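> Let me see the structure of the following:
(4 chains)
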Protein chains: 2
Amino acid sequence: MVPELNESAPATLEELFRRLSERAETMPKRLRQCADFIAQYPDRVAVSTVAELAAAAEVQPSAMMRFCQELGFTGFSQLQRLFREEYARNWPDYATRLTNLRELGAESPAAMLAEFVEAGRASIEKLMTTVSPEMLERAVAVLGTAPLIHIVGFRRAFPVACYFDYAFEKMRVPSFLHTGVGKLNTAHALREGEAVLAITFAPYSAETVAFAESAGKEGLSVVAITDSLSSPLQRLEAIPLLVSELDVGAFRALSATFALAIALAVAVGARRENG
Amino acid sequence: MVPELNESAPATLEELFRRLSERAETMPKRLRQCADFIAQYPDRVAVSTVAELAAAAEVQPSAMMRFCQELGFTGFSQLQRLFREEYARNWPDYATRLTNLRELGAESPAAMLAEFVEAGRASIEKLMTTVSPEMLERAVAVLGTAPLIHIVGFRRAFPVACYFDYAFEKMRVPSFLHTGVGKLNTAHALREGEAVLAITFAPYSAETVAFAESAGKEGLSVVAITDSLSSPLQRLEAIPLLVSELDVGAFRALSATFALAIALAVAVGARRENG
DNA sequence: GAATAAATAGAATATTTGTTCTGTTTTGGA
DNA sequence: TCCAAAACAGAACAAATATTCTATTTATTC
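Predicted coordinates:
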């Protein structure tokens, strides 16, 4: 059969996604589920059957069909062809791309990305060896039972602190983010039985250390995310979680730290729910 | 039907190719044609039918079948599954794995960390294929010349925005972080020629989208860090940098996003210094 | 150079996969 | 609250795709 021309169907992936973003809002529930799923996992489309894809998106195969037709395709096969053609171009794998990017010249942004990707990957893998499971368990035990968690971290650690606050909010874990806004001193907000989650990396920010110290003196438990055993937070009786990020030149990313952060946050959230 | 175990069939692509190189020499003509073709164009196997593949290798479909069986597979489908899984390896179903972990009673914090480490590693590797070097170059060109960079991103994207502000400050790149503190509207701070760096992930925060839109209307260049081609930022003429983070259960980390962020920040800093 | 075994092509069949259809449920408007 | 329209799930059907079978050709051995 001659593949029929279909003037209303998107001819490229870009066009498809553009149309998707225009129309997804107004689509009925199930079709929107399809749209969201395809937007999130476009690479699955090329190598799956309608049935597999529908199951993964948690809809009926027929819903997926209606979705394809809604977009102007004659059916799933026509949509899939688009993804399969795209696939053919994208094949070179991670290792190849990394090499290619590096060869573009050390100065190019793409080469820089390749460097940080490699550093991030290595840092994350290393994380499994630097974080002690016992300490992690203790940290979860402390944070999982505290009535309120104080989060403190400045400079490079501030994004991590923000993220904790976001994650805790999402899981309805009571938390207080000490932002340092207005240079107001918020240390007086500490109450007995509460816990502190302090994040700091070399050169250790004085405010964070002072905050953790005063909390320790008042008998609050302190969990410390930091980068070495020689961190000043080690002197307090804090529960240490060690992350070491590999650097590229003078720059250090936060990829591994965030992996630790989300794992800790989710573990604390889960502990709370299960009592 | 239960997928039958087949002890003689290669279980991985590596094993398949190894066996191929051992045996190809001694194979009859047509089967060898099959072997050579697959060795040369392995990427086509995942998305083709036997008929297509046979035609491309210039053999009969039945020859391709005999070839598959010669290698120990029950048929073409089994061989193809190997190639499809290889492609799929980048997106294991973490939701299912997490459920399994829970059912096994392995909901320990350490197990959770392992999950996020694995998700982070895979996400970072995937970053190499989702970020287009051309777009990255354009983004660096825009941000590297703008007199001021406006950074906007809320909720889950806020840590990323903070980090950009920190990195830019360290490299003395003029930047302005729109924090949303006090719900003050800061959109009037935009001046001609300046650039916007917008970060948003599904569900896209309305404030970020509105900010980027109003910037776009005033003719400012917008660089968008987002998670899919169907993001609302795509509709503006923004320069897109795509990151997709794998999720664990309902949770998604930021490991890959931060690798991209630091690479972009450093590249912009370098561009400024070198003129 | 004939006999035998192996390999092959193409047709026939079985299976999987895509698509359409129908009765039912949900949603939105009067 | 009822009615009409849209959306939906699941089953039935159609198309495509994989697999097997058989007659024929090609290679190998004696």
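> who's in contact with A:Pro174?
Contacts for A:Pro174 (CB atoms under 8 Å, 6 or more residues apart in numbering or on different chains) come out as A:Pro147, A:Leu148, A:Ile149, A:Phe168. C-beta here means a position set from N, CA and C on the backbone, and glycine is covered the same way.
> one more time with 6 Å, if that's ok
If you count contacts by CB atoms under 6 Å, 6 or more residues apart in numbering or on different chains, A:Pro174 has them with A:Leu148.
> Run a quick neighbour tally on the residue lying closest to A:Glu237 once chain neighbours are set aside.
Once flanking residues are discounted, A:Glu237 sits nearest to A:Gly216: 6.6 Å by CB to CB, 6 or more residues apart in numbering or on different chains. Residues lying near A:Gly216 (other CB atoms under 10 Å in any protein chain shown) number 18.
> For A:Gly216, what is the enclosing helix or strand?
For A:Gly216, the host element (DSSP states H and E) is helix A:206-217.
> strands paired with the helix or strand that that helix is followed by, and their directions?
Heading C-terminal from helix A:206-217, the first helix or strand you meet, by DSSP H and E, is strand A:221-226. Take DSSP bridges as the rule and strand A:221-226 pairs in its sheet with strand A:195-199 (parallel), strand A:239-242 (parallel).
> returning to that earlier point: for the residue nearest to A:Glu237, give its distance to A:Ala111.
With the distance defined as CB to CB, to the nearest Å, A:Gly216 ends up 45 Å from A:Ala111.
> sorry, back to before: contacts for the helix holding A:Gly216 next, please.
A:Val152, A:Phe154, A:Ala187, A:Leu190, A:Val196, A:Ala198, A:Thr200, A:Val222, A:Pro232, A:Leu233, A:Leu236.
> From those residues, which land in strands?
Members of these lying in strands (criterion: DSSP state E): A:Val152, A:Val196, A:Ala198, A:Val222.
> Mind checking which of the residues you listed are buried?
Among the ones in strands among the contacts of helix A:206-217, the ones that count as buried by 16 or more other CB atoms under 10 Å in any protein chain shown are A:Val152, A:Val196, A:Ala198, A:Val222.
> tally of neighbours for whatever residue of the stretch 101-250 of chain A ends up closest to DNA strand D?
As assessed by CB to the nearest atom of the strand, DNA strand D sits closest to A:Lys170 within the stretch 101-250 of chain A, at 26.5 Å. Look at A:Lys170: counted by other CB under 10 Å, it has 15 neighbours.
> Now do the contacts for it.
Contacts of A:Lys170 by CB under 6 Å, 6+ apart: none found.
> after the helix or strand bottoming out on mean pLDDT in chain A, next one along is what?
Sorting the helices and strands of chain A by mean pLDDT, DSSP states H and E puts helix A:94-103 at the bottom, at a mean of 60. Remark: after helix A:94-103, the chain's next helix or strand is helix A:109-130, criterion DSSP H and E.
> helices and strands around that following helix, which ones?
Using 3 or more CB pairs under 6 Å, 6 or more residues apart in numbering or on different chains; DSSP states H and E, the elements in contact with helix A:109-130 are helix A:94-103, strand A:247-248, helix A:255-273, helix B:109-130, helix B:133-145, helix B:255-273.
> and these, which one is worst for confidence?
For the helices and strands packed on helix A:109-130, the weakest mean pLDDT is recorded on helix A:94-103, namely a mean of 60.
> thinking again about what came up before, let me know which of the helices and strands packed on helix A:109-130 is the nearest to B:Ser21.
Closest approach to B:Ser21 among those is made by helix A:94-103 (19.5 Å; CB to CB).
> Who's the closest spatial neighbour of A:Ser255, skipping the chain neighbours?
Closest to A:Ser255 by CB to CB, 6+ apart is A:Gly120, at 3.6 Å.
> wouldn't the one you found be in contact with B:Ile124 here?
Yes: with contacts counted by CB atoms under 6 Å, A:Gly120 reaches B:Ile124, the gap being 4.9 Å.
> can you list residues touching both of those two?
Joint contacts of A:Gly120 and B:Ile124 (CB under 6 Å, 6+ apart) are B:Ala259.
> Residues of chain A that sit close to chain B?
A:17, A:20-21, A:39, A:46-47, A:84, A:87, A:91, A:94, A:97, A:109-110, A:112-113, A:116-117, A:120-121, A:124, A:127-128, A:133, A:136-137, A:140, A:158-159, A:162-163, A:251, A:253-255, A:258-259, A:262-263, A:266-267 (CB under 6 Å from any CB of the partner chain).
> A:Phe176: how many residues sit nearby?
17.
> so it sits in a strand?
Yes: with DSSP: H, G, I helix; E, B strand; the rest coil as the criterion, A:Phe176 is part of a strand.
> Could you pull up the contacting residues of it?
Here A:Phe176 is in contact with A:His150 (CB under 6 Å, 6+ apart).
> Please apply the same query to A:Arg155.
A:Ser205.
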